[in-house]
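J.: Here's my sequence, what's the structure:
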Amino acid sequence: MIRSVFNSAHLSSRFALLLATCVLVAFTSHTIHAATPNLSQLVAKATQGSVQHEIQLAEIYLTGKGVAPDAELATHWYERAAQGGNPEAQNLVGEFYQAGIGVPANPSRAFHWYQLAAASGSSDALINIGSLLAHSSLPGGSVYAGTKSFVANFSESLWYEFKPKGIFVLGFNPGAANSDFHANAGGHTSDFPKFVMSSVEDVAKELAKALEKRRKPRVVQGWKNRFMLFGLKFLPRVAAVSIMGKMSPGMQN
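T.: Residues are numbered from 1 along each chain as shown. The predicted structure is shown next:
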């Protein structure tokens, strides 16, 4: 069971939705075979109650492989597979009801499917979305950086506490992304140097990869972000904080 905590102070609705979708698809891709039947054959077999083909059909509609993407149809077929007892589908449907993908958001329904997935043996994971700023001061955004530092350290402690119970906890820390978050927060993506920006798709792919590997309790997204943090370690704190202050949009006004 994959549980995702998307901090609304850091992620736009589109960003969160794309991250959730990418992570979900990454954990169902193993059900898609190289020789996938054509759509009419899939529909026929799925209608007959084949869970395997219900999942294949749902993934096609979710990702738009050869058809127009349709989140409602994807959720419909995943829910049929979930009703057939497939734990991955049960977990996915729980995520869809939590995030409002293809269905109205419904926490009660989400919890119902999570419970069934756990009872069916689906492995557990919790993702806390933090920020690159969990690892660096940010003049002009001191409260923001401080809360992200809390999320990072909190996630590491949870990782250790719940590891014996078979629950993986990941603190994922993206940098600045080219999403509508900045506009919704009253800023602009142009406030940041282009070389530090990541695409939403790149962030989502790295999150899916980190969750698949399950090696670290804390992951900083993007080689540019990791390189920057590495370089700041060699500077006196006065110099490091001064650099971040000069880059901070909050100090430009």
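
J.: C-alpha from now on. contacts and neighbour counts both.
T.: Will do.

J.: Show me what the one helix or strand Phe96 maps to packs onto, helices and strands only.
T.: In the assignment (DSSP states H and E), Phe96 maps to helix 87-99. Contacts defined by 3 or more CA pairs under 8 Å, 6 or more residues apart in numbering; DSSP states H and E place helix 87-99 against strand 2-5, helix 13-26, helix 71-83, helix 107-119.

J.: If we use 6 Å, what do you get?
T.: Under the contact criterion of 3 or more CA pairs under 6 Å, 6 or more residues apart in numbering; DSSP states H and E, helix 87-99 touches helix 71-83, helix 107-119.

J.: State the next helix or strand along the chain beyond the last one.
T.: Toward the C-terminal end, the helix or strand that comes next after helix 107-119 (DSSP H and E) is strand 124-129.

J.: That next one pairs with which strands, and in what direction?
T.: Each strand paired with strand 124-129, and its direction, by DSSP bridges: strand 2-5 (parallel), strand 167-173 (parallel).

J.: Could you identify which of those strands has the lowest mean pLDDT?
T.: Lowest mean pLDDT of the strands paired with strand 124-129: strand 2-5, a mean of 50.

J.: Buried deepest among the helices and strands packed on helix 87-99, which one?
T.: Mean neighbour count (mean count of other CA atoms under 10 Å) peaks for helix 71-83 among the helices and strands packed on helix 87-99, with a mean of 22.

J.: chain center to that one: distance?
T.: With CA atoms, centre = their mean, to the nearest Å as the basis, helix 71-83 stands 20 Å off its chain's centre.

J.: just the angle between that helix and helix 87-99, please?
T.: Using axes from the mean of the first three to the mean of the last three CA atoms, to 10 degrees, the inter-axis angle of helix 71-83 relative to helix 87-99 is 140 degrees.

J.: tilt between helix 71-83 and helix 107-119?
T.: 40 degrees.

J.: Need the contact partners of helix 71-83.
T.: Where contact means CA atoms under 6 Å, 6 or more residues apart in numbering, the residues beyond helix 71-83 that reach it are 51, 54-55, 58, 61-62, 89-90, 102.

J.: So which of those residues belong to helices?
T.: Counted as lying in helices by DSSP state H, out of the contacts of helix 71-83, are 51, 54-55, 58, 61-62, 89-90.

J.: Report how many residues lie close to Leu207.
T.: 24 (other CA atoms under 10 Å).

J.: How about Ser136?
T.: Ser136 has 19 nearby residues by other CA under 10 Å.

J.: Once you drop chain neighbours, what's closest to it?
T.: Ala145 (7.2 Å; CA to CA, 6 or more residues apart in numbering).

J.: Counting by contacts, list what the strand or helix carrying that neighbour packs against.
T.: Per DSSP H and E: Ala145 is located in helix 142-162. Where contact means 3+ CA pairs under 6 Å, 6+ apart, helix 142-162 is packed against strand 167-173.

J.: Where does the record place the domain boundaries for this structure?
T.: The record's domain split for the chain, according to automatic domain parsing, is 9-122, 125-251.

J.: looking at the ones you listed, which is buried most?
T.: Ranked by mean neighbour count, those are led by domain 9-122 with a mean of 19 (mean count of other CA under 10 Å).

J.: What mean pLDDT does that one get?
T.: Taken as a whole, domain 9-122 has a mean pLDDT of 77.

J.: so how far is that domain from its chain's centroid?
T.: 15 Å.

J.: from the ones in helices among the contacts of helix 71-83, which single one is nearest Val220?
T.: Nearest to Val220 among the ones in helices among the contacts of helix 71-83: Leu62, at 27.8 Å, using CA to CA.

J.: What residues does the closest one make contact with?
T.: Neighbouring residues of Leu62 by CA under 6 Å, 6+ apart: 69, 71, 74.

J.: Just the CA atoms of the helix holding Ala145, as CSV, please.
T.: Provided in CSV are the C-alpha atoms of helix 142-162 (Å, rounded to 0.1, in the frame of the first residue of the first chain):
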residue,chain,number,x,y,z
SER,A,142,12.7,31.0,7.0
VAL,A,143,9.5,29.4,8.2
TYR,A,144,9.1,27.5,4.9
ALA,A,145,12.7,26.1,5.1
GLY,A,146,12.3,25.3,8.8
THR,A,147,9.1,23.3,8.3
LYS,A,148,10.8,21.4,5.4
SER,A,149,13.7,20.5,7.7
PHE,A,150,11.2,19.1,10.2
VAL,A,151,9.6,16.9,7.5
ALA,A,152,13.0,15.5,6.5
ASN,A,153,14.1,14.6,10.0
PHE,A,154,10.6,13.4,11.0
SER,A,155,10.6,11.1,7.9
GLU,A,156,14.0,9.6,8.8
SER,A,157,12.9,8.8,12.3
LEU,A,158,9.7,7.2,11.0
TRP,A,159,11.7,5.2,8.5
TYR,A,160,13.7,3.6,11.3
GLU,A,161,10.7,3.1,13.6
PHE,A,162,8.5,1.4,11.1
